[in-house]
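Engineer: give me a model of this one.
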Amino acid sequence: MRSIMCKLIRKFRSQQDGSLSVEAVFAFPLLLWAATATYTFFDAYKAQNATYRANYTISDILSRETQSVDLAYLNGLLRVFRFMTYGDASTTWIRVSLVQCTDECASEANRDLEFDWSHGANGARSLTAVDFDHYASKIPLFPIGDKLILVETSLDYTPPFANALVSFPERKLVSHVVTRPRFGPQLLWTGPGSNGVDEADSS
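Structural biologist: Got it, this is the predicted structure:
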């Protein structure tokens, strides 16, 4: 019996086949990071797509409007945006501006753009002529006499597994959509303020 045990021990000691988990120890963290990164990037694109879908919905509503709009109307549109993006009062705002071209409308570099009015909901400030340095590139060419509706939306986005992805922090998902009024020459504003300047509403 003792000799059998000795033979088994010597045989076990001389064996060199088997499996090691060293590769798994190195590969598992990388696979885990890849899975969380893929999920996070997909979720970010999903959230960005949701903001644009909500913006296009709001823009289409405004383009079909034949009556004037006011702060209560904008607050209603903000609730639509929150519903479609799962946002809340602390992470969302919208702004609506009516734009016209007054001179050299065929030249993107030389045209003169003006805001008929601009108003925001939930803390978004009204735009002024100074802002055209940033917004002119977002507004397409359109003939003199026409007016366009510029709708902006913003959602504060916190990605899942943000702590594990150092290069993908929290960010604002801002979208811009320009629409032409469908059934009228322009969209009228009857809320507070004159010449497009007012105190941004909070809701």
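Engineer: tell me the first helix or strand C-terminal of the helix of greatest length in the chain.
Structural biologist: Ranked by residue count under DSSP state H, the longest helix found in the chain is helix 22-63. Next along the chain after helix 22-63, taking DSSP states H and E as the criterion, comes helix 71-85.
Engineer: packing partners of that next one?
Structural biologist: If contacts are counted by 3 or more CB pairs under 8 Å, 6 or more residues apart in numbering; DSSP states H and E, helix 71-85 sits against helix 22-63, strand 92-103, strand 112-121, strand 147-157. C-beta coordinates here come from the backbone N, C-alpha and C atoms, glycine included.
Engineer: the longest one packs against which elements?
Structural biologist: In terms of contacts (3+ CB pairs under 8 Å, 6+ apart), helix 22-63 is packed against helix 71-85, strand 147-157, strand 171-179.
Engineer: rerun that using 10 Å as the cut-off
Structural biologist: If you count contacts as 3 or more CB pairs under 10 Å, 6 or more residues apart in numbering; DSSP states H and E, helix 22-63 packs onto helix 71-85, strand 92-103, strand 147-157, strand 171-179.
Engineer: again with the second one
Structural biologist: Strand 92-103 sits against helix 22-63, helix 71-85, strand 112-121, helix 132-135, strand 147-157, strand 171-179, with contacts defined as 3+ CB pairs under 10 Å, 6+ apart.
Engineer: ok, 8 Å please
Structural biologist: By 3+ CB pairs under 8 Å, 6+ apart, strand 92-103 packs against helix 71-85, strand 112-121, strand 147-157.
Engineer: likewise for the shortest one?
Structural biologist: Using 3+ CB pairs under 8 Å, 6+ apart, the elements in contact with strand 112-121 are helix 71-85, strand 92-103.
Engineer: out of these, which gets nearest to Ala129?
Structural biologist: Across these, Ala129 has its closest neighbour in strand 92-103 (11.2 Å, CB to CB).
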